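Enquirer: got a sequence here, can you build the structure:
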Amino acid sequence: MDVNRSILFAASEVYPFVKTGGLADVACYLPMALHDLGFDIRIVLPAYRCVLDQVKKTRNATGFQVPETRDRTKLLQTTLPGSDIIVYLVDAPDLYDRPGDPYQGPDRMDWPDNAGRFAFFGQMIRQISLNKAGLNWAPDVLHCNDWHTGLAPALLAQDAGRPAILFAIHTLSYQGLFPRQTFTSLDLPSGLWTPEAMEFYGNMSFIKGGLVYADKLVTVSPRYAKEITTPEFGYGLEGLLQHRSDRLTGILNGVDYRFWDPRHDPLIERHYWLDNLGAKKINKKSLQQELGLRENGKVILLACIGRLIDQKGIDLMLAGLTGLLQNENIQLAVLGTGNAGYEQSLRTAAGNFAGQMAVRIEYNESLAHRMIAGADILLMPSRFEPCGLTQLYSLRYGTVPVVCATGGLADTVVDATDTSMQNHTATGFQFVNASRDHLLAAVNRAVTLFTASKDRWRSLMRSGMKQDFCWARSAEQYRIAYMDASDVRTAGNHADFALKKGKNGGKNQ
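Expert: Next up is the predicted model:
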């Protein structure tokens with residue numbers, strides 16, 4: 001029987017209010033799926049300027065003082081669009097009412113007071129969790145996400161009336177690292193400055209607050225849950241994660257097919273499905289027109305959508321552009337923002353391959369839908385990918401993914417080998433080593449199949465479109481994870497304070 005019926009879901013970004021990456025999608029669609037299971041789930045999010053600009057209606061949930069922190073702050077209340085899920089907005093204008101995104105200013109530089117901004121967010125999460133925010137409500141389980149919420153589990157650790165705590169790792173590469181003087185300036189409990197707590201090789205690590213003090217650890221794919229316990233993917237925290245491996249599990253992210261399905265997607269030119277795949281060509285032609293590519297239904301149109309950063313293997317794609325686009329029957333469309341050097345290199349390449357390559361340096365959700373619907377192949381050459389959502393979307397749209405075999409990409413894309421093609425389980429193409437040559441080899445395998453056999457290619461498309469990665473399946477696994485967290489909380493052994501030396505993710509002292 002479920003005992004965890006109320007959930008506080010804490011995240012630094014939530015779609016459609018604010019989005020810089022996949023976390024925002026998860027923080028929207030997973031709460032919806034949990035709500036459908038009967039949970040009283042409520043979301044807490046900083047009241048960034050961009051959020052307040054688009055929220056049509058809010059009310060004061062409460063006004064209260066955070067002890068020893070600030071004179072006053074407000075907690076605003078609204079609902080998640082398309083649902084009746086309550087969203088609390090932490091309204092502290094001097095911290096969150098700024099231009100830019102949640103983490104950076106318009107100049108793309110991190111806000112220098114990010115530690116204080118998210119420390120305050122963590123303190124607010126604690127107040128709500130303990131029913132000290134004037135809401136007359138407290139959760140059975142606190143669900144924290146990534147380093148921005150990592151302080152909350154550490155602050156709650158010694159509170160007798162705290163909820164069970166689940167900490168979700170969306171990517172371990174962002175840890176919230178700040179120098180010792182920042183820790184001192186935040187006036188945090190001195191006991192948190194130890195290798196067994198939040199100290200990490202002389203710095204403060206926000207993410208360690210979640211990794212050490214949560215009752216349950218979840219990451220966003222089974223493969224990534226194993227990878228982060230290794231030096232290659234652990235970023236110095238692999239010892240801690242090995243030590244807590246009995247509390248660590250991987251749950252794949254999902255897709256909300258109400259919004260991502262070519263049968264009824266309002267953002268694409270023509271709807272299609274298994275029985276009328278020819279209609280996908282209309283989306284391809286429309287996309288070519290929109291992006292200024294040569295209109296040709298017979299060419300192979302590749303799309304790359306996402307952040308333009310090292311993790312995503314953008315340098316591998318750039319290194320292989322000449323080899324890729326020397327074939328005039330291949331076109332490439334890129335959408336995203338990120339590293340300024342990559343942005344400029346992509347613009348230059350698009351100029352050199354006019355009509356064959358198009359680049360849009362922007363965040364554009366509706367264009368992403370049209371690109372996924374119009375392209376033949378999706379490129380995701382990520383060096384590591386905790387889960388990935390774009391490949392899940394592309395599968396449903398019959399846009400065959402070419403991916404590096406890492407993390408959630410390996411968990412969700414079945415490589416097109418002779419055997420998997422014969423038994424109709426293949427859904428895409430994998431390459432094992434993150435290199436230009438291996439990427440090009442995988443793309444060439446895909447191009448060869450596309451060119452050689454229309455029937456076999458459509459069989460591959462249909463296999464992908466039939467895959468079911470709905471959020472309901474993931475939500476059921478989170479329900480079990482919440483029960484596990486509650487069991488640990490009840491047993492009273494939530495935190496492994498006696499961490500073994502050399503396995504704590506910090507230096508021995």
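Enquirer: so residue 327, which of the three states?
Expert: Here residue 327 is recorded as coil under DSSP: H, G, I helix; E, B strand; the rest coil.
Enquirer: and what of the one 5 residues further on?
Expert: Three-state call for residue 332 (three-state DSSP): strand.
Enquirer: any idea how many residues pack against it?
Expert: Neighbours of residue 332 under the rule other CB atoms under 10 Å: 25. C-beta: built from backbone N, CA, C; applies to glycine.
Enquirer: quick one: it and residue 357 touch, right?
Expert: Yes. Assessed by CB atoms under 8 Å, residue 332 is found in contact with residue 357 at 4.7 Å.
Enquirer: mutual contacts of these two, please.
Expert: Listed as contacting both residue 332 and residue 357 by CB atoms under 8 Å, 6 or more residues apart in numbering are 321, 325.
Enquirer: where does residue 382 fall, secondary structure wise?
Expert: Under the criterion DSSP states H and E, no helix or strand holds residue 382.
Enquirer: give me the phi and psi for the residue lying closest to residue 218 once chain neighbours are set aside.
Expert: Of all residues not flanking residue 218 in the chain, residue 168 sits nearest, at 4.9 Å (CB to CB, 6 or more residues apart in numbering). With angles defined as degrees, to the nearest 10, residue 168 sits at phi -100, psi 130.
Enquirer: then residue 378?
Expert: phi -100, psi 130.
Enquirer: what of residue 253?
Expert: The phi and psi values for residue 253, taken as degrees, to the nearest 10, are phi -60, psi 170.
Enquirer: okay, it: pLDDT?
Expert: For residue 253, the model assigns a pLDDT of 96.
Enquirer: so it sits right up against residue 26, yeah?
Expert: Yes. Using CB under 8 Å, residue 253 is in contact with residue 26, at 5.7 Å.
Enquirer: mutual contacts of these two, please.
Expert: With CB under 8 Å, 6+ apart as the test, residue 253 and residue 26 both reach residue 220.
Enquirer: now whichever helix or strand residue 152 is part of: mean pLDDT?
Expert: Using DSSP H and E, residue 152 sits in helix 151-156. Regarding helix 151-156, the rounded mean pLDDT is 98.
Enquirer: for stretch 285-302, same thing?
Expert: Averaging pLDDT along stretch 285-302 yields 97.
Enquirer: and it, how far apart are its ends?
Expert: End-to-end distance for stretch 285-302: 13 Å, by CA to CA, to the nearest Å.
Enquirer: same thing with stretch 354-369?
Expert: Terminal residues of stretch 354-369 are spaced 23 Å apart (CA to CA).
Enquirer: kindly report the same for stretch 13-21.
Expert: 9 Å.
Enquirer: and stretch 84-93, by the same measure?
Expert: Using CA to CA, the end-to-end distance of stretch 84-93 comes out at 26 Å.
Enquirer: what comes up buried for that stretch?
Expert: 85-92 (16 or more other CB atoms under 10 Å).
Enquirer: ok, now stretch 45-52?
Expert: For stretch 45-52, by 16+ other CB under 10 Å, it's 45-48, 50-52.
Enquirer: three-state assignment of the closest residue in space to residue 156 that isn't next to it in sequence?
Expert: Closest residue to residue 156 apart from its sequence neighbours, by CB to CB, 6+ apart: residue 162 at 4.4 Å. Of the three states, residue 162 takes coil under three-state DSSP.
Enquirer: cool, residue 249 as well?
Expert: Following three-state DSSP, residue 249 is assigned to strand.
Enquirer: just residue 89 next, same as before
Expert: Assigned by three-state DSSP, the conformation of residue 89 is strand.
Enquirer: with residue 45 instead?
Expert: strand.
Enquirer: thought it was touching residue 14?
Expert: Yes. With contact defined as CB under 8 Å, residue 45 reaches residue 14; the gap is 5.2 Å.
Enquirer: what is the burial count for residue 131?
Expert: Look at residue 131: counted by other CB under 10 Å, it has 14 neighbours.
Enquirer: so what's it up against?
Expert: 137-138, 161.
Enquirer: give the PyMOL command for selecting the buried subset of those residues.
Expert: Buried members of these, defined by 16+ other CB under 10 Å, are picked up in PyMOL with:
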select buried, resi 138
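Enquirer: now render the contacts of residue 131 as JSON lines, adding pLDDT and distance to residue 420.
Expert: Shown next, in JSON lines, are the contacts of residue 131 (pLDDT from 0 to 100; distance: CB to CB, whole Å):
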{"residue": "137", "pLDDT": "95", "distance to residue 420": "49"}
{"residue": "138", "pLDDT": "94", "distance to residue 420": "49"}
{"residue": "161", "pLDDT": "92", "distance to residue 420": "52"}
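Enquirer: any idea which of the contacts of residue 131 is closest to residue 363?
Expert: residue 137 (33.9 Å; CB to CB).
Enquirer: how about stretch 94-107: buried residues?
Expert: Buried residues in stretch 94-107, counted by 16+ other CB under 10 Å: 95-98, 100-103.
Enquirer: so among these, where is pLDDT lowest?
Expert: Within the buried residues of stretch 94-107, pLDDT is lowest for residue 100, at 90.
Enquirer: how about that one: what's its closest non-neighbour residue?
Expert: Nearest residue to residue 100, sequence neighbours excluded (CB to CB, 6+ apart): residue 106, at 5.0 Å.
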